[in-house]
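Colleague: Everything below, folded, please.
(one chain, ligands or ions: 1)
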Amino acid sequence: MERMELPPRPKLFDFHGVSMTNYFTDNWNNVQNFQARPDDILIATYPKAGTTWVSYILDQLYYDQSSPVCLLDRVPFLELHIPLIPSGIEMLDKLTTTPRLIKTHLPVQFLPKSFWEQKCRVVYVARNAKDNAVSYFHFDRMNMAQPEPGDWNNFLQRFMDGKMVFGSWYDHVTGWWEKKQTNSNIHYMFYEDMIEDTGREMDRLCSFLGLSSSTEDKDRVRERSQFDNMKKNNMVNYSTDFVMDFKISPFMRKGKVGDWKNHFTVAQSEQFDDDYKRKMKNTHLQFRTTI
Ligand SMILES: Nc1ncnc2c1ncn2[C@@H]1O[C@H](COP(=O)(O)OS(=O)(=O)O)[C@@H](OP(=O)(O)O)[C@H]1O
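Modeller: Model prediction:
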């Protein structure tokens, strides 16, 4: 497919205290005024935490689709507003399925208020900071709609400083975690748990959503959503996305826990861990960096 012309890579800027790019703030009023419906299901994540995996599982559990429709069309990305393609809001307006499955990377304080008013259910997926940072680095290398990542060392420092699109990982995961403590409509799950036992995590998801899928259905969904199967599936692997250059790195890259060990030097890991302890000292939220 011929590559469409994109403007140069966007720049990060401070947006109400969170680093963002214009691709996620240009449609701000429409996003903030978005009218959620009570049965909408929101999949909220920090980028690269397992959004696509959980979106695909939910799409299959609800719709068992075998029709060739891209996941991004089936699970629109609320705040996305990139030239040449329909915005997330436009795609949501066209969506005819119920419940609507909606993707967002917004930190908790930016979520449009109608989601809270309508008491929508939210599935939040979190991933350990080290693997999340590595995945984000490779994503920014290959995605021309993201800021230049620079080299790994600089990128890691920026990650620790929270100078990433959608802001600080630390604030994102703890912000949603705190919200979950007083809101039973939020199901908080971990990428590492999904890798360890996808079936168990799918059962927990079904129970949260009140879905009574049969064992056969769940087995089929689990099989289709395995990394190697999703990597081959052009409807979910982003191979048709014009802003991504798979020659640099594929979207479905490794799908592992612990790949950070192939990227962090011992010194980087120690510095990261010290900084992590300081930043996370006021939360009970715990992550696993190996399983
Ligand atoms: N089925 C399955 N199993 C295991 N891992 C999976 C799966 N699907 C996606 N992935 C991995 O998730 C990472 C992409 O995260 P997101 O989908 O959140 O990215 S995005 O924010 O929507 O761009 C990215 O992680 P890395 O491989 O570490 O880069 C994907 O490979």
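Colleague: What are the boundaries of the strands in this structure?
Modeller: Listed in chain order, the strands of the chain (DSSP state E) span residues 13-15, 18-20, 41-45, 101-104, 121-126, 186-190.
Colleague: Now do stretch 118-136: distance to the chain's middle.
Modeller: Averaging C-alpha positions (Cα atoms, centre = their mean, to the nearest Å) puts stretch 118-136 6 Å from its chain's average.
Colleague: what about that stretch and the ligand, any contact?
Modeller: Yes: legend: contact between stretch 118-136 and the ligand by Cβ under 6 Å from any ligand atom is shown at 131, 135. (Each C-beta comes from the backbone N, C-alpha and C, glycine too.)
Colleague: That stretch: end-to-end distance?
Modeller: Stretch 118-136 stretches 32 Å from its first residue to its last (Cα to Cα, to the nearest Å).
Colleague: what's the average pLDDT for it?
Modeller: This predicted structure assigns stretch 118-136 an average pLDDT of 98.
Colleague: And for stretch 93-104?
Modeller: 96.
Colleague: now do the same end-to-end measure for it.
Modeller: As for stretch 93-104, its first-to-last residue distance stands at 16 Å under the measure Cα to Cα.
Colleague: Quick check: buried residues in that stretch?
Modeller: By neighbour count with 16 or more other Cβ atoms under 10 Å, stretch 93-104 contains the buried residues 100-104.
Colleague: what's the answer for stretch 237-256, then?
Modeller: Along stretch 237-256, the positions that meet the burial threshold by neighbour count (16+ other Cβ under 10 Å) are 237-239, 241-244, 249-253, 255.
Colleague: can I get the strands of the chain in TSV with distance to Val221?
Modeller: Output for the strands of the chain, formatted as TSV (distance: least, Cβ to Cβ, whole Å):
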stretch	distance to Val221
strand 13-15	37
strand 18-20	34
strand 41-45	15
strand 101-104	14
strand 121-126	15
strand 186-190	16
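Colleague: How far off centre is the helix or strand of the chain with the lowest mean pLDDT?
Modeller: Counting by mean pLDDT, DSSP states H and E, the chain has its least confident helix or strand at helix 71-74, which shows a mean of 93. Relative to its parent chain, helix 71-74 has a centroid offset of 14 Å by Cα atoms, centre = their mean.
Colleague: likewise stretch 96-105?
Modeller: With Cα atoms, centre = their mean as the basis, the distance from the averaged C-alpha position of stretch 96-105 to the chain average is 14 Å.
Colleague: what does it rub up against?
Modeller: Contacts of stretch 96-105 from elsewhere in the structure, counted by Cβ atoms under 8 Å, 6 or more residues apart in numbering, are 24, 36-37, 39-47, 51, 55, 58-59, 62-63, 74-79, 88, 92, 111, 165-166.
Colleague: Which residues of the stretch 1-150 of the chain lie near the ligand?
Modeller: For the stretch 1-150 of the chain, the residues in contact with the ligand under the definition Cβ under 6 Å from any ligand atom are 45, 47-53, 131, 135, 138-139.
Colleague: quick one: which of those residues is most hemmed in?
Modeller: Top of these by neighbour number is Thr45, holding 28 neighbours under the definition other Cβ atoms under 10 Å.
Colleague: pLDDT score for that residue?
Modeller: According to the predicted model, the pLDDT of Thr45 comes to 98.
Colleague: quick one: contacts for it?
Modeller: Listed by Cβ under 8 Å, 6+ apart, the contact set of Thr45 reads 51, 54, 103-105, 124-126.
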